[in-house]
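[1] I would like the atomic coordinates for the input below:
(chains A and B)
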Amino acid sequence: MKIQIRGGRVVDPGSGLDRVQDIFVAAGKVTGLGGAPSGFHANRVIEAAGLIVCPGLVDLSARLREPGYEYKATLESEMAAAVAGGVTSLVCPPDTEPPLDEPGLVEMLKHRARSLNQAHVYPLGALTQGLKGERITEMAELLDAGCIAFSQADAPLIDNQVLLRAMQYASTFGYPVWLRPRDASLGRDGVAHDGQVATRLGLAPIPAIAETVALSTILLLVRETGAKVHLCRLSTADGVDMVRQAKSLGINVTCDVSANQVHLSEMDIGYFDSNCHLVPPLRSLRDREAVRRGVQDGTVDAICSDHTPVDEDAKQLPFGESEAGATGLELLLALTLKWAAEAKIPLPAALAKVTSGPAKILDIGAGALSPGVNADLCVFDPQARWKVEPAALKSQGKNTPFAGYDMLGKVRFTLVQGQVVYEG
Amino acid sequence: MTGYNPQLDANGKLQHLLTIEGLPREIVLHILDTAHSFLSVGEREIKKVPLLRGKAIFNLFFEASTRTRTTFEIAAKRLSADVINLNVGTSSQSKGETLLDTVANLSAMHADMFVVRHSQSGAAHLIARHVAPYIHVINAGDGRHAHPTQGLLDMFTIRHYKKEFTTLRVAIVGDVLHSRVARSQIHALTTLGVPEVRVIGPRTLLPSNVAELGVHVYHDMAAGLRDVDVVIMLRLQNERMNGALLPSAQEFFKYYGLTPEKLGNAKPDAIVMHPGPMNRGIEIESSVADGRQSVILPQVTFGIAVRMAVMSILAGNA
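    I've put the predicted structure just below:
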């Protein structure tokens, strides 16, 4: 299949390319930009005048719910959601049931994902067996099976000795460790940010220090072990400041935030809206502004969807009993564009946070557009308006705090390895 | 969310009573005035009025409570309603039925009103969002969030003894952090224009942002009680007495228990209130609980009139 994408504005944030030109795809690769390679005869021409052509999005956190939670979502439903959102590579956390702590589970997941022939799936292996925080997993075996890094997901790791050992062991082989900073005890039973909304609504609080106390521990352990650590889902102003400072001191960490934290705050909980029950919790407006500043100044390397499909039964409960999480794969691009518009960020810099930025963290050859790379592409209409209607989402999870939001920017085509896998 | 109030119908009338926060002052005053007219019903030989005859009121208690449930039951019966008591904590929920399924089943039995108590903040809101438009929901306590009829009966009590709200200093003492009663009182007092509301307690028992509710924070009892007109003591739950929140009940009593000496800091005509059940010797000394300034028992009596008022207003008969 040879495809010519004609007349689009080609934006490759990693290389700085931003020009209206044609792009040529053959044998799963980008084979030319601008002029056609010699002897290129397109089987299909995609008219892209007025559209943006960029690398397919790379999402650093998308729960696919397999194995174990197929009643919440399946690979079929969530991979369809991914490509509908322009996402061509995604990382799935290990908090499945059972957790991804055995090579067989990872191989099965990779195999299932490959057979669907849609987005590329990069599983995170469990850092500890059963995510219990007690014994480290067979990391080398898990890596061979297809894991790209190791993580506790949102499970607590109480024992700092285990955390130290896990980081030492991973760094022996140069494996990255992905950690969401959260102290296991502070805010233990909490469900909402320890701020004015939790106080008013009587929701059990999760203080900001639950993040920063754990973050300081992690940063000290990184300095001690030299482990390659990626920090997941920062949510507090102080946390962003600490990472900024750590980076300026030469401590080698990367970090991401969820698109939810870029746009929402505790105020959105309103009258106990369980769609705003998220992990980490929606913080104060001040935290949200700090998160935005961090994304803008490069402290934060990537924006992820933190896609977490939850079945309706698990959301139709009192706030504190409801299951945390929001669906997000199909909103990541639009939310990134929305942030760019609000914060007056140039389009290439904004797209970098969902393409080249996360790809660099993963160290995979995605998120770029130069000739020779995999033709994983997203073609979107930056002027298309649409309203978020949960029922219209492809994800099995209809749980979104953004229901009813007006969005600007809609995916028209998604290509994975040179194949059109989505047209909208 | 601005402008939307889940308790009011399209005409601004009270549809549910879920919290005092955001309740218009006129509605609060209307409830208090209506309660006043019901006060005499309990003193008659025949303690009944026919306002809610033929209405089915379901007391839906997901959390055990005898006192509150009983006062709602009495209030409903004095209004001639049919009352059905369900201790759901011990039946369907333990069989795995969800909250909304339970409510849907009871709605199918033609309930007109649900009185709901639940251990989770926001449970009454959730139910109110899902019931048919002709069903009214009264929150009888949800987690740490709200206990609006308690807040209202406390306002009734204050008005009964102090007449005017706009000149008062009111202190709320004890475990504000876990208290739905305190939250409802604070909203009611600020709605009614009380110029100075104080909360007094150790930092472990006060929410971190409590000042944003419009209260003054004190950690010292003597300073906090100085010249107040109303002292409201909160119940300290047993499970909070020993652990990381408080070292012991004895130490709490020493610093925050209401004794005649500490009460001496308040105005001489200050009244002492408590939502009950009391822990004598822990948050309040018996000589104060039973003393001349205590209005704790009248609170209970007023509570029935206030609940009658709320039920009759919701049913559209008042």
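[2] Show me the shaky parts of the chain.
    Unless you meant another one, I'm taking chain A. Within chain A, no range satisfies pLDDT under 70.
[3] Wait, chain B was what I had in mind.
    Regions of chain B meeting the criterion pLDDT under 70 cover residues B:1-3, B:89-95, B:317-318.
[4] Please enumerate the strands of it.
    B:56-61, B:82-87, B:113-118, B:136-142, B:169-173, B:196-200, B:216-218, B:230-233, B:271-273 (DSSP state E).
[5] Give me the contact list for stretch A:389-402.
    Outside of stretch A:389-402, the residues within contact range by CB atoms under 8 Å, 6 or more residues apart in numbering or on different chains are A:65, A:72-74, A:77-78, A:80-81, A:84, A:260, A:263-264, A:268, A:273, A:275-276, A:278, A:307-312, A:315, A:325-331, A:335, A:388, A:403-404. To be clear about C-beta, it is placed using only N, CA and C from the backbone, and glycine gets the same treatment.
[6] Break the chain into its domains for me.
    Because you didn't say which chain, this covers chain A. A:2-53+A:373-423, A:56-362 (automatic domain parsing).
[7] my bad, chain B
    Domain ranges of chain B: B:25-147+B:300-314, B:148-295, per automatic domain parsing.
[8] can you pull the contacts of residue A:410?
    A:334, A:380, A:381, A:384, A:386, A:424.
[9] can you tell me which of those residues are in strands?
    A:380, A:381, A:384, A:386.
[10] Distance to chain B and neighbour count added to the residues you listed, as TSV?
    TSV is the format used below for the ones in strands among the contacts of residue A:410 (distance: CB to the nearest CB, whole Å; neighbours: other CB atoms under 10 Å in any protein chain shown):
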residue	distance to chain B	neighbour count
A:380	30	26
A:381	31	17
A:384	27	16
A:386	22	15
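[11] Give me every residue in chain B lying close to chain A.
    Contact residues (CB under 8 Å from any CB of the partner chain) of chain B with chain A: B:1, B:6, B:21, B:98-100, B:118, B:120-123, B:125-126, B:130, B:142-146, B:180, B:183, B:207-210, B:212-213.
[12] switch to 7 Å and redo it
    Listed as neighbours of chain A in chain B under the rule CB under 7 Å from any CB of the partner chain: B:1, B:6, B:21, B:98-100, B:118, B:120-123, B:125-126, B:143-145, B:180, B:183, B:207-210, B:212-213.
[13] Report the buried members of those residues.
    Among the residues of chain B next to chain A, those buried by neighbour count (16 or more other CB atoms under 10 Å in any protein chain shown) are B:6, B:21, B:99-100, B:118, B:120-123, B:125-126, B:143-145, B:180, B:183, B:207, B:209-210, B:213.
[14] Which strands and helices lie in contact with the helix or strand residue A:7 falls within?
    Remark: residue A:7 resides in strand A:2-12, with elements defined by DSSP states H and E. In this structure, strand A:2-12 makes packing contacts with strand A:17-26, strand A:44-47, strand A:52-55, helix A:347-352, judged by 3 or more CB pairs under 7 Å, 6 or more residues apart in numbering or on different chains; DSSP states H and E.
[15] Please name whichever of the ones you listed is nearest to chain B.
    Chain B lies closest, by CB to the nearest CB, to one member of those: helix A:347-352, at 27.9 Å.
[16] for the closest one, which positions count as buried?
    Under the neighbour-count criterion of 16+ other CB under 10 Å, helix A:347-352 has A:347, A:348, A:350, A:351, A:352 buried.
[17] OK, contacts around residue B:308?
    Counting by CB atoms under 7 Å, 6 or more residues apart in numbering or on different chains, residue B:308 makes contact with B:35, B:38, B:75, B:78, B:79.
[18] And residue A:209, by the same measure?
    residue A:186.
[19] Likewise for residue A:244?
    Taking CB under 7 Å, 6+ apart as the test, what residue A:244 contacts is A:294, A:299.
[20] That one sits in which helix or strand?
    helix A:237-248.
[21] Extract the C-alpha set from stretch A:216-223 and format it as CSV.
    Extracted C-alpha coordinates of stretch A:216-223, given in CSV (Å, rounded to 0.1, in the frame of the first residue of the first chain):
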residue,chain,number,x,y,z
SER,A,216,11.7,13.5,47.8
THR,A,217,12.3,9.9,48.7
ILE,A,218,12.4,8.9,45.1
LEU,A,219,14.7,11.7,44.1
LEU,A,220,17.1,10.8,46.8
LEU,A,221,17.1,7.2,45.8
VAL,A,222,17.7,8.2,42.1
ARG,A,223,20.7,10.2,43.2
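[22] In that stretch, which residues are buried?
    Judged by neighbour count (16+ other CB under 10 Å), stretch A:216-223 contains these buried residues: A:216, A:217, A:218, A:219, A:221, A:222.
[23] now do stretch A:16-23
    Buried residues in stretch A:16-23, counted by 16+ other CB under 10 Å: A:17, A:18, A:21, A:22, A:23.
[24] what helix or strand does residue A:83 sit in?
    Element membership for residue A:83 (DSSP H and E) is helix A:75-84.
[25] burial count for residue 75?
    No chain was given, so I picked chain A. Here the count is done by other CB atoms under 10 Å in any protein chain shown, and residue A:75 has 21 residues near it.
[26] should've been chain B
    Residue B:75: 29 surrounding residues under other CB under 10 Å.
[27] Tell me the spacing between it and residue A:203.
    29 Å (CB to CB, to the nearest Å).
[28] ok, back up a step: which of the ones in strands among the contacts of residue A:410 sit farthest apart?
    Farthest pair in the ones in strands among the contacts of residue A:410 (CB to CB) is A:380 and A:386. Separation: 11.3 Å.
[29] who's in contact with the spatially most central residue of chain B?
    Central residue of chain B (CA atoms, centre = their mean): residue B:150, 1.9 Å from the mean position. Listed by CB under 7 Å, 6+ apart, the contact set of residue B:150 reads B:181, B:184, B:275.
[30] which residue packs closest to residue A:380, ignoring adjacent ones?
    Leaving aside its sequence neighbours, residue A:380 sits nearest to residue A:411 (CB to CB, 6 or more residues apart in numbering or on different chains; 4.8 Å).
[31] Understood, closing this out.
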